[in-house]
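> I'll drop the sequence and a predicted model, then ask my questions.
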Amino acid sequence: MVLELIEERIFKGKTNMKLILTLFLISLSGIGMAQERDQPNLIVIFCDDLGYGDLGCYGSKKNRTPNVDQLARTGIRFTDFYSSSPVCTPSRSSLMTGCYARRVGMHEDYTGHWVLIPRSRRGLNPEELTVAEALQSVGYATACIGKWHLGDQPEHLPTEHGFDFYFGIPYSNDMQSKGRGDPPLPLVKQSSVVEAPVDQSTLTKRYTETAIEFITANQSKPFFVYLPHTFPHLPLHASPDFLGKSANGRYGDSVEEIDWSTGQILASLDRLGIADNTLVIFTSDNGSNGRNGGSNQPFSGNKGSTMEGGMRVPMIAKWPGRIKPGTICGELATTMDILPTFCELAGAKLSDRKIDGFDISGLLFGHEGAESAYESLYYYRRRQLQAIRMGDWKYHLPLKAIHPNWTTHKTEGAARPAKLVNLKSDPRELKDVSAANPQVLAKMQALGREAIAKLGNDANEGVEQRSALTLDSSAPMVLNK
């Protein structure tokens with residue numbers, strides 16, 4: 001399959017020899033490894049704006065999530081799992097590439113928007129190795145079903161980044177600005193618009209049906225299904241079977257339909273007899289926006305904020321026979337770890353480009369002595385390094401102004417003093433303990449200087465920052481009748 005990918009890139013004029021050589025070497029090693037390993041099927045269910053406190057197994061008393069709760073009872077639940085960003089585009093680039101968004105140039109649109117908008121000329125660079133490309137190179141069938149948001153131009157779509165199949169919306173479901181001239185929200189199959197405007201009330205159901213169809217069609221080979229749901233991002237929608245049925249309004253309706261969807265996918269694995277060789281991960285791209293019923297409890301902050309509520313997210317994983325049921329993991333891990341972990345499990349090799357994530361299979365399987373590989377975690381928002389975590393310590397950097405202005409911090413948009421907090425004793429980040437911990441503070445300040453030197457800050461590029469792909473022109477995705 002990787003040889004076909006190389007041929008396709010050469011045919012389309014993508015003759016980056018470094019990438020071609022990497023893919024070729026991966027294919028040679030992967031063929032041998034595939035013969036030695038029983039490659040697992042891999043599924044990532046990725047919610048949009050689902051908060052830490054929105055699931056029953058994470059404390060929700062409003063949303064009924066029996067299927068996800070059962071997933072946690074039969075698998076592992078992480079308490080300290082992070083998205084790399086509190087907003088959509090950068091967080092998705094991190095899952096795909098195993099990198100901080102700044103490293104791969106996906107931290108902001110060239111227009112200055114916080115995320116990519118319709119007709120953006122910028123998108124994920126094809127020189128980056130995605131998790132789909134890595135798995136594709138060792139024989140996996142790959143599908144992206146749902147919201148992509150890493151570029152809506154043909155060169156940026158999932159089918160150009162290792163996915164055999166794509167069905168979903170190319171960006172957020174609220175991106176139809178008349179003043180900007182945006183087209184009706186398109187539903188895309190492969191690279192063509194098949195419906196516009198899409199009926200959003202049917203999306204979760206159609207994603208689910210499509211995912212099960214793909215799983216069924218590829219049950220005899222290893223497969224990777226990436227299911228980035230549209231909801232509970234605003235505006236909220238749910239199908240007639242769920243609309244008005246929850247105790248938490250439209251928000252709860254959409255969450256409960258996602259829970260139903262998860263149950264349907266798990267049931268299909270059982271029905272096909274492949275559940276025991278399938279790793280399922282359920283997580284979110286960032287925290288809830290805190291409106292319309294969303295919850296990030298017990299943390300402060302919402303989507304868009306580098307407080308814990310903006311970036312600490314639910315993460316549950318299940319693999320019968322490999323992951324011990326009912327496990328709770330308190331080690332720090334992130335969405336950047338999915339790429340290296342999947343490569344390890346599938347027998348795929350990473351490229352020689354630097355990444356920031358780590359293989360967390362030891363944490364998943366409960367290996368003795370397994371612990372987080374992160375010395376520190378950087379909290380970037382747009383172009384700005386705002387905070388750093390090291391162990392239980394979190395340091396909020398002093399800022400002349402907070403980007404963006406819509407944040408839950410009391411000094412909204414204004415200058416913010418430095419603050420050191422202990423997340424174990426103070427999860428809401430209320431008490432500054434800098435004075436009592438000068439050595440920790442000094443270490444944090446040094447980590448901040450190191451991060452800025454490597455990845456940059458504000459408008460400054462770092463020495464390890466790479467570029468996104470920016471096209472000369474762009475066009476709207478429209479339905480051709």
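Looks like it arrived, so ask away.
> okay, CA-based contacts and neighbour counts for the rest of this
OK.
> Quick check on residue 255: phi, psi?
Backbone torsions of residue 255, given as degrees, to the nearest 10, read phi -60, psi -40.
> Need the pLDDT of it.
Listed pLDDT for residue 255 reads 98.
> do the same with residue 13
Looking at residue 13, its pLDDT is 50.
> now residue 178
78.
> Break this structure into its domains for me.
Structural domains annotated on the chain: 40-365, 377-461, as defined by automatic domain parsing.
> The first one: end-to-end distance?
Think domain 40-365. Terminal residues of domain 40-365 are spaced 14 Å apart (CA to CA, to the nearest Å).
> Repeat that for the shortest one.
Its first and final residues considered, domain 377-461 spans 19 Å by CA to CA.
> pLDDT on that domain, on average?
On average, the pLDDT along domain 377-461 is 88.
> Nearest approach to residue 469 belongs to which of the domains of the chain?
Ranking the domains of the chain by proximity to residue 469 (CA to CA) places domain 40-365 first, at 4.6 Å.
> How far away from the center of its chain is the closest one?
Put simply, domain 40-365 sits 5 Å off its chain's centre (CA atoms, centre = their mean, to the nearest Å).
> got it, and stretch 419-429?
25 Å.
> List the contacts of that stretch.
298-300, 307-308, 392-398, 430-434, 441 (CA atoms under 8 Å, 6 or more residues apart in numbering).
> ok, 7 Å please
299-300, 392-397, 431-434, 441 (CA atoms under 7 Å, 6 or more residues apart in numbering).
> Out of these, which comes closest to residue 183?
Closest to residue 183, out of all of the contacts of stretch 419-429 and judged by CA to CA, is residue 300, at 36.1 Å.
> Need the phi and psi values for that closest one.
Backbone phi and psi, for residue 300 under degrees, to the nearest 10, turn out to be phi -90, psi 160.
> how near is it to residue 287?
Using CA to CA, one gets 10 Å for the distance from residue 300 to residue 287.
> Mutual contacts of these two, please.
residue 309.
> just the helices in the protein please.
For the chain, the helices defined by DSSP state H cover 2-11, 17-36, 66-73, 88-97, 131-136, 203-217, 249-272, 308-311, 338-346, 361-365, 438-455.
> Which elements pack onto the fifth one?
Contacts of helix 131-136 with other secondary structure elements, assessed using 3 or more CA pairs under 7 Å, 6 or more residues apart in numbering; DSSP states H and E, are made with helix 338-346.
> ok, now with 6 Å
In terms of contacts (3 or more CA pairs under 6 Å, 6 or more residues apart in numbering; DSSP states H and E), helix 131-136 is not packed against any helix or strand.
> Run through who's touching that helix.
Outside of helix 131-136, the residues within contact range by CA atoms under 6 Å, 6 or more residues apart in numbering are 96, 162-163, 339, 348.
> got it, and the fourth one?
Counting contacts by CA under 6 Å, 6+ apart, the residues outside helix 88-97 that touch it are 84-85, 100-101, 106-107, 115, 130-131, 149-150, 285, 335-336.
> again, but for the last one
Among residues not part of helix 438-455, those counted as contacts by CA under 6 Å, 6+ apart are 462-465.
> try 7 Å this time
102-103, 395, 420, 434, 461-465.
> just the shortest one next, same as before
Counting by CA under 7 Å, 6+ apart, the neighbours of helix 308-311 from elsewhere in the structure are 82-86, 286-287, 296, 299-304.
> again, 10 Å this time
Helix 308-311 is contacted from outside by 49, 51-53, 80-87, 91, 284-290, 295-305, 334, 379, 394, 407-408, 423, 427-429, using CA atoms under 10 Å, 6 or more residues apart in numbering.
> From those residues, list the buried ones, please.
For the contacts of helix 308-311, a burial check counting by 16 or more other CA atoms under 10 Å picks out 49, 51-53, 80-87, 91, 284-290, 295-297, 299-305, 334, 379, 394, 407-408, 423, 427-429.
> Can you pull out the low-pLDDT segments for this protein?
1-37, 108-113, 403-414 (pLDDT under 70).
> What is the neighbour count of residue 130?
Residue 130 has 24 neighbours, counted by other CA atoms under 10 Å.
> my read: it touches residue 350, true?
Yes - Residue 130 lies in contact with residue 350 (CA atoms under 10 Å); the separation is 9.4 Å.
> hey, what's in contact with both of these two?
residue 339.
> Mind giving me the ChimeraX select for the contacts of stretch 419-429, buried ones only?
To isolate the buried subset of the contacts of stretch 419-429 in ChimeraX, counting by 16+ other CA under 10 Å, use the following:
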select :299,300,393,394,395,396,397,432,433,434,441
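> Next step: the contacts of helix 438-455 restricted to strands.
Among the contacts of helix 438-455, DSSP state E puts 395, 420, 461 in strands.
> for the last one, what are its contacts?
By that I understand residue 461. Shown in contact with residue 461 (CA under 10 Å, 6+ apart): 102-103, 105, 383, 452-455.
> Looking at the ones in strands among the contacts of helix 438-455, which is nearest residue 144?
Taking these together and measuring to residue 144 by CA to CA, the closest member is residue 461, at 31.1 Å.
> can you tell me how far that closest one sits from residue 387?
Applying CA to CA to residue 461 and residue 387 gives a distance of 18 Å.
> cool, and residue 188?
37 Å.
> can you check residue 259 too?
33 Å.
> out of the two, which sits in the busier spot?
Taking neighbours as other CA under 10 Å, residue 259 and residue 387 compare with residue 387 leading, 22 against 19.
> Surely the more buried one touches residue 307?
Yes - look at residue 387 against residue 307 with CA under 10 Å: they come within range, at 8.4 Å.
> Quickly list what's touching both of these two.
Joint contacts of residue 387 and residue 307 (CA under 10 Å, 6+ apart) are 379, 394, 396.
> Save those as JSON lines, and put in distance to residue 223 too.
Below are those laid out as JSON lines (distance: CA to CA, whole Å):
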{"residue": "379", "distance to residue 223": "32"}
{"residue": "394", "distance to residue 223": "38"}
{"residue": "396", "distance to residue 223": "41"}
